[in-house]
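> Below is the structure, and that's it, no one-letter string:
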Ligand code: DQQ
């Protein structure tokens, strides 16, 4: 038996050698491979925009988070990585570990193209902890015919807590498109973390599409090795296009405590997150997992397409959660890509970052998720600067927060209270249903009734040339006593450089300003502005490339361009220490 296994392994190595010697093939899917750029050396390795506490490798291209997990007290993070350049291509699973999700040590790539089932690329996938605490990775491989197939890999040595070496299952692939199953071989990728049903069978879903219908194809297995496609998908939705990186997990309706992916039962709802290849948005629904039918059904009112709820209304894609059993929380990772044109980031020699890992839980309304940066990140805070509680920010005024050691690397928490709601709030037009459009029509400089008020970050002196503004506007809904809060992240003046994409982002925040304070937290990290409105009910992440507001020359302001006074009920800003990033 063992001799047969080792001879089949030898055969695989032989095949690999033959294939590798013929060079890497070109594949196109949701990312475009520009093979000719690989040979370009970075001519402008300018460190200005590199981050101090947002995860990134020392160089080259990074995209999706893969297989996050905790094993023997160590956090593992894998990611899509190009070892040869700053553009997408030659994809391997790079690997880093951490004790605190803040400081990271890098290891050699864990999964690289080497066998028939992944010779043209090791694409996204997820970790499952099998009984006995044995990690198993399901990931998409690109085979010699450029078909997308699903493979299995496991650690070679379970007593190494860093899990540096990984072995591929000799009979990979474990799921593949065939003539009979009618799966489109170029739209079949990104298996989720598997969950175990009461019938003793594992389940996973793989993202796909049929015509324009997005599909989460369901597979079941008793042994994690032989997988059978179910007769129906776990879920599908019309006109959504290809579903990349699906994520499916339970959330508690009662507490913020995270749940293991296999948990079902009373007091539990489920979340289905999909990454839409068409728009590069991650949207999610909240719903019920019907165990009898093995189907997921979104709740009534939970919008199941691109106009539904999003983790983040800025740059945030291909995200993935995992259950952190050490701290009993569910943690979300998401990829933040560049806003620079391709040639600019190839010249700078690196591309792509990860958002700060966020704890996620179900809001008490049961209708949406709440996200908050993991508390460990707070240990990087130093030199707190406050403002007196209750300070009034007069209509049309701004205030500089001047004594921060560096405003280019900071964490800011502010909360606002508004009086005069009834008199000063502008009336919302019922046709204003698209918050991003609304924010781009009314940028931070457009005076309003209640708002815009918020923060100007990465601002040049007197915010006269450059700034990124994150702010709120409060609207009244018709003749009612109800209000709608709009949150915007306005990048239109973020840089004097004309080449970056400066799209403005927006979201509605489910907060009642008549009863609650309106809070905003913004993590600033040189070229990232990651903001959490309403205690994490709406998040917006932006990439910016200021030319003046860099390093020590970056300024921070609190502003109010509305025509009503606003009270700052609390304010704290910290400079952030540098984390150890790989
Ligand atoms: N990125 C991976 C795919 C996935 C896409 C390839 C999403 O597996 O569908 O790098 O960004």
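Looks like it came in fine. Bear in mind that the values here come from a model prediction, so they are computed numbers and not experimental data.

> Tell me the helix or strand right after the helix or strand harbouring residue 214.
Using DSSP states H and E, the element containing residue 214 is strand 213-221. Next helix or strand after strand 213-221 toward the C-terminus (DSSP H and E): strand 228-229.

> per-domain residue ranges of this structure.
2-30+55-371, 382-576 (automatic domain parsing).

> so which of these comes closest to the ligand?
domain 2-30+55-371 (3.3 Å; Cβ to the nearest ligand atom). Just so you know, the C-beta spots here come from the backbone N, C-alpha and C atoms, and that holds for glycine as well.

> Next, see if the closest one gets close to the ligand.
Yes: for domain 2-30+55-371, a contact with the ligand is found by Cβ under 6 Å from any ligand atom, at 30, 63-64, 80, 91, 123-124, 140, 189-190, 244-245, 318.

> Let me see the mean pLDDT of that domain.
Computed over domain 2-30+55-371, the mean pLDDT rounds to 92.

> circling back: may I have the strands that pair with the strand holding residue 214, each with its orientation?
For strand 213-221, the paired strands and their directions (DSSP bridges) read strand 202-210 (antiparallel), strand 228-229 (antiparallel), strand 235-237 (antiparallel).

> so how far is that strand off the chain centroid?
In terms of Cα atoms, centre = their mean, to the nearest Å, the centre of strand 213-221 is set 22 Å apart from its chain centre.

> Kindly report the same for stretch 471-491.
26 Å.

> in that stretch, what counts as buried?
Neighbour-count burial for stretch 471-491 flags 471-476, 483-491 (criterion: 16 or more other Cβ atoms under 10 Å).

> and residue 399, what is it in contact with?
Residue 399 makes contact with 387, 393, 557-559 under the criterion Cβ atoms under 8 Å, 6 or more residues apart in numbering.

> Now, these that are in strands?
Secondary structure assignment by DSSP state E places 393, 557-559 of the contacts of residue 399 in strands.

> Can I get the domains of the chain in a markdown table including distance to residue 46?
Output for these, formatted as a markdown table (distance: least, Cβ to Cβ, whole Å):
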| stretch | distance to residue 46 |
| --- | --- |
| domain 2-30+55-371 | 6 |
| domain 382-576 | 10 |
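
> Out of these, which is closest to residue 49?
If you check each of the domains of the chain against residue 49 by Cβ to Cβ, domain 382-576 wins as the nearest, at 3.7 Å.

> Could you pull up the mean pLDDT of the closest one?
For domain 382-576, the mean pLDDT works out to 95.

> now do the same end-to-end measure for it.
Distance between the boundary residues of domain 382-576 (Cα to Cα, to the nearest Å) amounts to 6 Å.

> burial of residue 383, as a residue count?
14 (other Cβ atoms under 10 Å).

> ok, it touching residue 574?
Yes: assessed by Cβ atoms under 8 Å, residue 383 is found in contact with residue 574 at 6.4 Å.

> ChimeraX command for the buried members of the residues of domain 2-30+55-371 next to the ligand?
Of the residues of domain 2-30+55-371 next to the ligand, the buried ones go into a single ChimeraX selection, burial set by 16+ other Cβ under 10 Å:
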select :30,63,64,80,91,123,124,140,189,190,244,245,318
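
> any shared contact partners between residue 383 and residue 574?
Looking at what touches both residue 383 and residue 574 (by Cβ under 8 Å, 6+ apart), the common residues are residue 404.

> and stretch 246-258, how far out from the chain's middle?
17 Å.

> buried stuff in it?
By neighbour count on 16+ other Cβ under 10 Å, the buried set for stretch 246-258 is 246-252, 256, 258.

> Ramachandran angles for the most centrally placed residue in the chain?
In the chain, the centroid-proximal residue (Cα atoms, centre = their mean) is residue 334; its distance is 1.8 Å. The phi and psi values for residue 334, taken as degrees, to the nearest 10, are phi -150, psi 150.

> Please, which helix or strand holds residue 541?
When elements are defined using DSSP H and E, residue 541 is found to belong to strand 538-543.

> Note down every partner strand of that strand and its orientation.
Those paired with strand 538-543 in the sheet (DSSP bridges) are strand 528-533 (antiparallel).

> what's in contact with the partner strand?
With contact meaning Cβ under 8 Å, 6+ apart, strand 528-533 is reached by 51, 54, 336, 353, 355-356, 371-373, 457-458, 468, 470, 472, 485, 487, 489, 507, 509, 511, 518-523, 538-544.

> do stretch 63-70 as well
With contact meaning Cβ under 8 Å, 6+ apart, stretch 63-70 is reached by 31, 75-81, 88, 93, 124-127, 129, 135, 137, 139, 245, 317-322, 324-326, 331, 333-335, 337, 352, 354.
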